[in-house]
Each structure stands twice: as C-alpha cells, then as structure tokens.
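Participant: Structure for this input, please:
(chains A and B)
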Protein chains: 2
Amino acid sequence: MHGHHTIDGERSALGASTFAARAASTGAELPGRFHDATPGEVAAAAAAAQRAARVLRRTPWPDLARFLRAIADELDARGEDIVARADLESGLGAPRLTGELGRTTDQLRLFADEGDGGGWLGLRVDASRGADLRRVALPIGPVAVFGASNFPLAFSVAGGDTAAAWAAGCPVVVKAHPAHPGTSELVADAIVDVLARSPLPAATFQMLHGADHAVGGALVQAPEVRAVAFTGSFAGGTALDRLARARPRPIPVFAEMGSSNPIVVLPGALAARGDQVAAQVAGSITLGAGQFCTKPGVIVGLAGAAFDAFVSEVARALEGVAPATMLTDGIRTAYRAGVAELAATAAVDVVWLGDGDERPVGPSLLRTTAAAVIERPSLLDEVFGPAALVVACADAAEALALAEALPGSLTATLHLEDADLDLAADLSEVLVERVGRLIVNGVPTGVIVSPAQHHGGPYPATLDARATSVGTAAVERFLRPVAFQDVPEALLPAPLRGTADSDR
Amino acid sequence: MHGHHTIDGERSALGASTFAARAASTGAELPGRFHDATPGEVAAAAAAAQRAARVLRRTPWPDLARFLRAIADELDARGEDIVARADLESGLGAPRLTGELGRTTDQLRLFADEGDGGGWLGLRVDASRGADLRRVALPIGPVAVFGASNFPLAFSVAGGDTAAAWAAGCPVVVKAHPAHPGTSELVADAIVDVLARSPLPAATFQMLHGADHAVGGALVQAPEVRAVAFTGSFAGGTALDRLARARPRPIPVFAEMGSSNPIVVLPGALAARGDQVAAQVAGSITLGAGQFCTKPGVIVGLAGAAFDAFVSEVARALEGVAPATMLTDGIRTAYRAGVAELAATAAVDVVWLGDGDERPVGPSLLRTTAAAVIERPSLLDEVFGPAALVVACADAAEALALAEALPGSLTATLHLEDADLDLAADLSEVLVERVGRLIVNGVPTGVIVSPAQHHGGPYPATLDARATSVGTAAVERFLRPVAFQDVPEALLPAPLRGTADSDR
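Facilitator: All right, here's what the predicted structure looks like:
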C-alpha cells in the first residue's frame, strides 16, 4: 500500500496527515498509511480534469468503449487481491465481494455494449423549420464521485457512477471512502495501468484520499467540477448539496441517500404463502447485515391473526440469523442507537431483539400501528442495518392512508395474490408517486443492473427523482444537450457529423 | 373582464385586494379588476391539482393529444380578441402578437404530434436478467407555471411550459403574470371552455392571479406541487428556487433566467460582409425593444480598423431604430439604470445612446475591452432591453481568454467565413461548455420551436442545464422514470401494458 493520491497520472502525497484502514471484524489497523489530500492537490486534480474533459469530448466512442472493457478485464485479472483486501476492510465476506466484483465489471461492459448505439445522446436533427438544427447530449465535464462504504467495489472507485461518467465522456475524480482506502488503491492502480496504455488522457481518472470531510468539500467546491455523484447517508448527501449550491456557479449533486423500502403483504398473499414471504423478508432484512440502501425497513399488513402469525414467523427466521460484522464502528453505533430509540418509543413494541453488545450485530424487529406512523412519520426514518419496523393497519382504508404518509423511497414492494388485486391497484396508485421502483412478490434487495433499471426515487431517497444510479440510464446524469444551429460540419461535435434530417 | 381565478373548474375571487392592468404605451389603467389569490385559494388549487394528477396519469394519450389540439383550435378562433388585449397590455404590437399566437398554437399541436410515438416515455423492457423489469417515465405531478411578461402568449398561460406539462400528463396551475392579467384571463377562459367538453378533469388547468409575490410563493410551497416552470429574471427564478428548496420535500424549479448571448464576429466575416452582419446584429438587439432572453447583449471582435468600422455600422443602424414601448414601467426603469451604470463605468465607452427620458426607449451601444471584462465579469450582466456591450479583444489569444470568462448563456453566435475556421474551432470548444445553443452566421433571437431545439444552458442562464423550455424535449422536465419489477399486467401503467422484451 503506497497510500498516495492519483493526480494527472502521477502519485502525489503532499500532505502531512495520514490515516489507516481498520479491519471491520476486529477494529485493528491494517497495513498502509493513507494521506489526506491537501487543498492544492484537490485544485490540481480539478484543473487536470478540466483539461482532460476537452480531450475526452473529442474522443471517438470506440476508444471509450475499449477503455471501459479494458478496466473490466484488468479488475477481473486482479480480482483475488482486490477481494481479499475488501474483505478485510469491509467484513462483507469473500463470496459476496466476489459477486460484487463481477457486478462491477459486468456493469462496465454493459455501458460499453449499450453506448455504441448512441441512444443516450438523444440525437435530434431538424432542417425543416428555416434553419439546420441538430441537438445532441454532450459530456457535462469533470465529475466528482464519492464512493459508498457498503459497496466497496460496485459503488466505489470503478463502480456505477464512475462507469456512467466515463461512458458519458466525462473525467472522474474519485473521493475514496476512508472505510476502504486499500481496496480503493488497488482498484485505482489497475485503472492507472490501463490508462497508461490507452489513448485517453491520464486525468480521465484521478483519486484523492481523505479521512476528513474537508477533502470532499474542497472537491465539490472546485470550480472545474461540473457534477457530483454520491451514495451514502442523508446527512452526507445534503451536506454536499449545500456546498454545491453555495458555489458561485451551482452544480447538481446526484445523491442516493437510502430509504425505508416498504413491503406490503396483502391478505391473499398472507393466506397463500405467509411463511414463505416471512422467510424471504427476513432474508432481505439481514442480507449483508442489512447494509443495503434497498433493505426493507418497513413491513406493512392488515392487523389480525394472519398478520400476527406472519410477524411471528419473520421473528422466528431472524432468530436463526447469526450476528454479523458491520462495515465500521460508526455504522454499528448508529444502528444500535436507531434501534434503541425506536424501542424506547411508547407507540413501538419490540418483537425480536437479536442484538447484544458484541462487535457483530444481530437483527431487530419492532412493531407499531399505522395510526402511530401517520401521527409521527419520523418513525419511518431509515435505521441502517438489520432492523425493520412492522406497521399494522386497522383496515384497507388505513393502509391507503399510511401509503399517503410514506416518504419518498427507492422501492416499494407488494406481496399479493389475485384476490388482492383491487386493493393492490389502489395502493400502487399511491405508492408509485413515492418510489423509483415497484416490485411485486419479491424483495427490494438485489438491484439488477439493466438498461430497464431505475434506482432512484423522490426526496429524501435522492436529490433528483429523475436520475438513476444503477443501469445504463445512469449515464444521462452526466450529459447535457446542446443545439447546433447552421453550424458547419467542421465545427460540429463528432456524433453530429454526417447527420442529416433523414437520420432523425 | 371578470378578474377571477380558475380553481377546479369554477371561478373564485375570495380575496378583497385587487389590481388593474395598465396599458404599456400610456400607463393608463385598463378595464378589469383582478383579485389577488388568498392562501386558501392557492391551497384549494393545489389539492384539486393532486386529485387531477391521478386521473391524468391514467388518461390515454389520444385523449391528451385531442385536448392539446382543441386548445390550439380554440385559441386560434379567439385570436383577434386575445391579440387586441395582449397589445394593450404589452405594447408589443398586433403583428408580433399574431405571430406569437401562431407559435403558441403550433407548439401545442407539435406536442400532440410527437407524443403519439411515446419516445419521451423512454420505454425500456428487460426480462433477461432474472426478473421482468420495465421502465417508463411517469408524469411528475402538479406543475406550477409562471408566465413571462415578454411573451404574453407563447411563454404564458397556454405557452410552452404548460403545453409540455400537459403533454407529460401533469395538471398545471398557472400563476398569471400581473403585467398581462386580461390576456391571461381570455386564454384561461378558452381553456376552461375546452375542458368543459373534454373527458379530462377540470383541474387539468387552473389559474391564479396575484400582483403580490406572496401568491407565487404560496404556490411553490404548496405540498402537492411537484415542479415549477419559470421564465423571467435571475432574481425571480432564484427566489422561487430558494422557496422550493426550503420545503420539507424540495422540488425542482426549471427557471430560464436570461443571458448575455455573445456574438463573436471573426475577421473573415468582418472583411467579407461586415456591414451586413452589423445590420443583422442591430436588428437582433432591438427586435421587440430588446425584450428577448436571446437578445445579443455582448458583441465580440478583434480590435482594429475593420472592427471599428463594424461597430460604427452597428451604431449607424441603431440610430435608425425608432424608440419603442417597453412592457412595464419597472422594465423601463431597470433598462435605463443598467445602461446608466455601464456608461458610468471607467472602462466603458458610450458608442451610441439613442435613449432619452420619454416613455418609449431607444437603443444603447457601449464598448469596452476584453481585459476589462476578464477583470470584472459583472460587466456582462444582462441589461434587459435594446442595449449591447461591444468587447474588443487584442488578439485571438485574448478572445479565447474572454470566452473562458463568459458566464453560462442560452446561446453563443459565431460569424465566420472559411478563413476563420481555425479560430472558430478553438472558440467553439470553449463556448460550447457555456451555452445551450451555438449558432453560426445568424442571430440568437427567433428561437425555432422544434424537436431539435435546446433552449437552456448552464447557470446563470437556467437552474438546470439539462432542461430546455422550448421544443418537444421540454416535456422531459415533467416526467420521472419508474421501474416495475415483476408487476402483473393489471397493475402496470398504460404505456407498459402489452410490452414484452421483444418490444425493446
């Protein structure tokens, strides 16, 4: 571990202050000291990114696609080392991390495959109204990417945001997450090696370390940066957004900030396969120690014996789940505080607390009523980790009223049988206004990377409900349309050359 | 003139305070007293809009398209009365307003024509990755539209923002501009009559009057409102944005706030047709008394005898332009203050001041150097009205440095001949990062309504550089993608029914 930043193709470590990575499972320091980037290093990276942006804007798509595929191949080749370090830093386990690496490299290749068609450039040509008008989406410019702690590969250095920005033709400056700086370094070094043998400018990719929020803050405020992609907490996303809006020239922050992901289990589904749904739900709550932005945090049903039996079955399934390592001490502390606050609330009952005060955490299931939630919507605030709140509704009308009270969320899930379709139709009309993805008879965790995916949703799940951070539509965040009126061929950007009205 | 608001299909006038329209040419009061909407009326309109939003989301496209065409036909039929009142209120003249009405109704029909194909819904279906995923853009919900004073028809009650929101399937609440409340009432009454014989809900269109900023402020803060469309001043747009971001659930404000629209006249074009370009430029500066967001406010060239001759020719053409009526007293006062401030600046010379202290205003031409602008970019701040600032650059390098210092703008224009192509290529690389539209050998005024148009640009020209407020792509502002995972046919929104992977 060299612990250096990557700036314009060179290693840099001008700052005196350093930090270490810690093993998630023990808290012990891991090899390597990582430097906090200085303001001068942030400025140098931003300036180099702006120079690279102009080169990338003229780079033919086949070169970009080759670059995306080469990164994927290089990461696959170095997979064993990367997964080993990621496991130490995150405690997520080699099987999950091996899967996550595959998702990361598949994602890079998916962008490479889909981009060739140019669909996301939104080419429109019209010479029929008195002038030759050609509209195309151009790269927005340098993008600052903030890695997420819970996906040290797929939402980090070479993750979805970076892949989308590259596919748009934008240089990326990654602010490495301090919970996995070693993993970040291994991935960054792979990218640097690929860039060294590519025609793309070195500053197509740069990375800065920093345990201090000041590094990320300086990056968001650098004048050359044109957009920010962030996956993490509500507090983190909104803090970056405030900085971005206070700039002389404000820029968009595409922040995916987590969500309550309600699952509604309707009576027909309860009757037909309640136990099976309970097992599915318990598995989704505890997958990866509940450290997913799509973890179902709210389980809704109509009060009665069938729903009580279902809740007992969920609790029984949670009893069988072994305590698990969380990503960081901070996340563990916040999980326990969130569960304790809910448990101490008068309107909330504890169904199952599998958690002690050991380092690994156990799952938690709590229960309240729709009336209590409608009176106090903050009960639905996300508790990051393996916890869920059961919400019992007196009847269908109260379930609809609860749906109206739900905050914006990445997902909502309905479990239903044919007999439930009428209530499901009414509920889905309300839910669809509040979510980015509606799921039937499944679980929200396990977000498929696909051109048809939408991983986003209304505030507070994200800061821009039109944006997705998973799937190839994620590239649209980093493109900006420009119209060219009577511009001669020689001055047109590459995708518009040779176009004519008949191509529309 | 009844002076009432239109709320959920009924006229309403609960407030005690009223205001009158004034004739732009004389300042005299015109017939009609218009009520300021009360907070209760704003709330009632927002609630009705939310109810209508759910109905509109299920409305088949052919019904929406028929509605758009029926509005266009009705406005054409009532054109004479509408144009007469608009001329009294705006002073823009019957010929211009007749043209603007045609543009307004053509625009409604263009949305109706393009929507049938559903291209803007961005349909994506993928059943190849372990689940049936279908992604479609749904209407975002109730949209608040703020009319612009300078386009009493095309950017007002039934203007581009309203047409785009309707085409997306969103109900609209218009805040009528107090500079043309009578025109707004005539257009609103036409829409109400069309709605009365349409299957669409009455609250598909509502309109509130208010001379006080409080009415618009309350509308932006109404919880049911999901997006705001605004055309007007920087101060107005950013004030609404602050309110929208301070909501418990922030919403986007799509604000088009004007711009400096630089025109660069390159040496070859100067030599080949300087006089012709000068006439074109002078015409564009003074068209509609310079009251266009695309008025060229900055004229750039390389210092020297040819450029001096060109500037003299622009001044000579301006001398021939008769003083013209401005839209409001406030706009006239601001124009004179802006010109006076520039004229009083040490680094700025007056080339031509055709303005006196009469009610109609004359054009103004001022001149400075690129060095002065680079030192003090606020010299480029928009002066709304028939004024432009000439900026002389010492050489090509300084022209490039000036381009780097330009703020975000709706447009930039290059006048060039073949001999200019090298410098033009360098300049356009820089300009394209700062504008929404690049024009060659034309003028920025006269924005073509087209699927290939982009009327937007980086801050401070707009608040979202990805959005356009002219052309059919304007509809994308009011759509939000949602993914449906394994959702049965009966619960899918209409555009996704009957889709299958093969349709992709």
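Participant: what's the residue in chain A sticking out farthest from the centre sitting at in phi/psi?
Facilitator: Residue farthest from the centre of chain A, counting by C-alpha atoms, centre = their mean, is A:Gly130 at 44.8 Å. Note on A:Gly130: its backbone torsions stand at phi 100, psi -10 [degrees, to the nearest 10].
Participant: likewise A:Arg135?
Facilitator: According to degrees, to the nearest 10, A:Arg135 has phi -120, psi 130.
Participant: so it sits right up against A:Val482, yeah?
Facilitator: Yes - using C-beta atoms under 8 Å, A:Arg135 is in contact with A:Val482, at 7.2 Å. For glycine as for every other residue, the C-beta is placed from the backbone atoms N, C-alpha and C.
Participant: out of the two, which sits in the busier spot?
Facilitator: A:Arg135 (26 against 23; other C-beta atoms under 10 Å in any protein chain shown).
Participant: picking up where we left off before, mind listing what the residue nearest to the residue farthest from the centre of chain A when sequence neighbours are not counted touches?
Facilitator: Once flanking residues are discounted, A:Gly130 sits nearest to B:Ile448: 6.4 Å by C-beta to C-beta, 6 or more residues apart in numbering or on different chains. The neighbourhood of B:Ile448, defined by C-beta atoms under 8 Å, 6 or more residues apart in numbering or on different chains, consists of A:Arg129, A:Gly130, A:Ala131, A:Leu133, A:Gln485.
Participant: Equivalent analysis for A:Leu138, please.
Facilitator: For A:Leu138, the contact set (C-beta under 8 Å, 6+ apart) comprises A:Arg57, A:Gly169, A:Leu479, A:Arg480, A:Pro481, A:Val482, A:Pro493, B:Val432.
Participant: that older thread, if I look at A:Arg135 and A:Val482, which residues touch both of them?
Facilitator: Contact criterion C-beta under 8 Å, 6+ apart; residues shared by A:Arg135 and A:Val482: B:His454.
Participant: start to end distance for stretch A:405-416?
Facilitator: The first and final residues of stretch A:405-416 sit 21 Å from each other (C-alpha to C-alpha, to the nearest Å).
Participant: Quick one: name the residues of the stretch 151-300 of chain A near chain B.
Facilitator: Residues of the stretch 151-300 of chain A lying close to chain B by C-beta under 8 Å from any C-beta of the partner chain are A:Arg245, A:Arg249, A:Pro250, A:Pro252.
Participant: my bad, the stretch 1-150 of chain A
Facilitator: Within the stretch 1-150 of chain A, the positions adjacent to chain B are A:54, A:57, A:122, A:124-126, A:129-131, A:133-135, A:138, A:140-141 by C-beta under 8 Å from any C-beta.
Participant: and of those residues, the nearest to A:Asp420?
Facilitator: A:Gly122 (39.6 Å; C-beta to C-beta).
Participant: Touching, that closest one and A:Ala483? I think so.
Facilitator: No - counting by C-beta under 8 Å, A:Gly122 sits too far from A:Ala483 to count as a contact (11.2 Å).
Participant: Looking at those two, which one has more neighbours?
Facilitator: Set A:Gly122 next to A:Ala483 and count neighbours by other C-beta under 10 Å: A:Ala483 wins out with 31 against 18.
Participant: What distance do you get for the closest residue to A:Leu30 other than its chain neighbours to chain B?
Facilitator: Leaving aside its sequence neighbours, A:Leu30 sits nearest to A:Ala21 (C-beta to C-beta, 6+ apart; 4.4 Å). Between A:Ala21 and chain B the distance, using C-beta to the nearest C-beta, to the nearest Å, works out to 34 Å.
Participant: again, but for A:Gln221
Facilitator: A:Gln221 is 15 Å from chain B, where distance means C-beta to the nearest C-beta.
Participant: what sits against that residue?
Facilitator: Contact analysis of A:Gln221 by C-beta under 8 Å, 6+ apart lists A:Leu243, A:Ala244, A:Arg247.
Participant: now with 6 Å?
Facilitator: For A:Gln221, the contact set (C-beta atoms under 6 Å, 6 or more residues apart in numbering or on different chains) comprises A:Leu243, A:Arg247.
Participant: Could I get the phi/psi values of it?
Facilitator: Per-residue torsions, A:Gln221: phi -90, psi -10 (degrees, to the nearest 10).
Participant: Ok, A:Ile263 next?
Facilitator: When quoted as degrees, to the nearest 10, the phi and psi of A:Ile263 stand at phi -110, psi 120.
Participant: Any idea what it is bridged to?
Facilitator: On the basis of DSSP bridges, A:Ile263 is bridged to A:Ile299, A:Thr413.
Participant: where does it land on pLDDT?
Facilitator: We have a pLDDT of 98 for A:Ile263.
Participant: tell me the contacts of it?
Facilitator: Contacts here follow C-beta under 6 Å, 6+ apart; on that basis A:Ile263 touches A:Pro296, A:Ile299, A:Thr413.
Participant: any idea which of the residues you listed is closest to chain B?
Facilitator: Distance to chain B, by C-beta to the nearest C-beta, is smallest for A:Thr413 among those, at 8.6 Å.
Participant: ok, back up a step: where does the residue nearest to A:Leu30 land in three-state SS?
Facilitator: Here A:Ala21 is strand, with the state taken from DSSP: H, G, I helix; E, B strand; the rest coil.
Participant: that older thread, can you flag which of the residues of the stretch 1-150 of chain A next to chain B belong to helices?
Facilitator: If you go by DSSP state H, the residues of the stretch 1-150 of chain A next to chain B have A:Arg54, A:Arg57 in helices.
Participant: Drop anything exposed from the residues of the stretch 1-150 of chain A next to chain B.
Facilitator: By neighbour count, with 16 or more other C-beta atoms under 10 Å in any protein chain shown, the residues of the stretch 1-150 of chain A next to chain B hold A:54, A:57, A:122, A:124-126, A:131, A:133-135, A:138, A:140-141 as buried.
Participant: can you tell me which of those residues are in strands?
Facilitator: A:Arg124, A:Val125, A:Asp126, A:Leu133, A:Arg134, A:Arg135, A:Leu138 (DSSP state E).
Participant: Keeping just the C-alphas, turn the helix or strand hosting A:Arg336 into CSV.
Facilitator: Assigned by DSSP states H and E, A:Arg336 belongs to helix A:329-343. Extracted in CSV, the C-alpha atoms of helix A:329-343 (Å, rounded to 0.1, in the frame of the first residue of the first chain):
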residue,chain,number,x,y,z
ASP,A,329,-17.7,1.3,14.2
GLY,A,330,-19.7,4.4,13.3
ILE,A,331,-22.3,2.4,11.4
ARG,A,332,-22.6,-0.1,14.3
THR,A,333,-23.1,2.6,16.8
ALA,A,334,-25.7,4.4,14.7
TYR,A,335,-27.6,1.1,14.2
ARG,A,336,-27.7,0.4,17.9
ALA,A,337,-28.8,4.0,18.6
GLY,A,338,-31.5,3.8,16.0
VAL,A,339,-32.9,0.6,17.3
ALA,A,340,-32.8,1.8,20.9
GLU,A,341,-34.6,5.0,20.0
LEU,A,342,-37.4,3.0,18.3
ALA,A,343,-37.6,0.5,21.2
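Participant: Can you give me the buried ones in it?
Facilitator: For helix A:329-343, burial by neighbour count (16+ other C-beta under 10 Å) applies to A:Ile331, A:Arg332, A:Ala334, A:Tyr335, A:Arg336, A:Gly338, A:Val339, A:Leu342.
Participant: cool, and stretch A:264-274?
Facilitator: A:Val264, A:Val265, A:Leu266, A:Pro267, A:Gly268, A:Ala269, A:Leu270, A:Arg273, A:Gly274.
Participant: Cross-check the contact I'm expecting between the third one and A:Asp418.
Facilitator: This means A:Leu266. No - the criterion here is C-beta atoms under 6 Å, and A:Leu266 misses it with A:Asp418 at 10.7 Å.
Participant: okay, the contacts of B:Ile448 in JSON lines with pLDDT and distance to A:Leu219 next?
Facilitator: Compiled in JSON lines, the contacts of B:Ile448 are given as follows (pLDDT from 0 to 100; distance: C-beta to C-beta, whole Å):
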{"residue": "A:Arg129", "pLDDT": "95", "distance to A:Leu219": "43"}
{"residue": "A:Gly130", "pLDDT": "94", "distance to A:Leu219": "45"}
{"residue": "A:Ala131", "pLDDT": "97", "distance to A:Leu219": "40"}
{"residue": "A:Leu133", "pLDDT": "97", "distance to A:Leu219": "37"}
{"residue": "A:Gln485", "pLDDT": "98", "distance to A:Leu219": "36"}
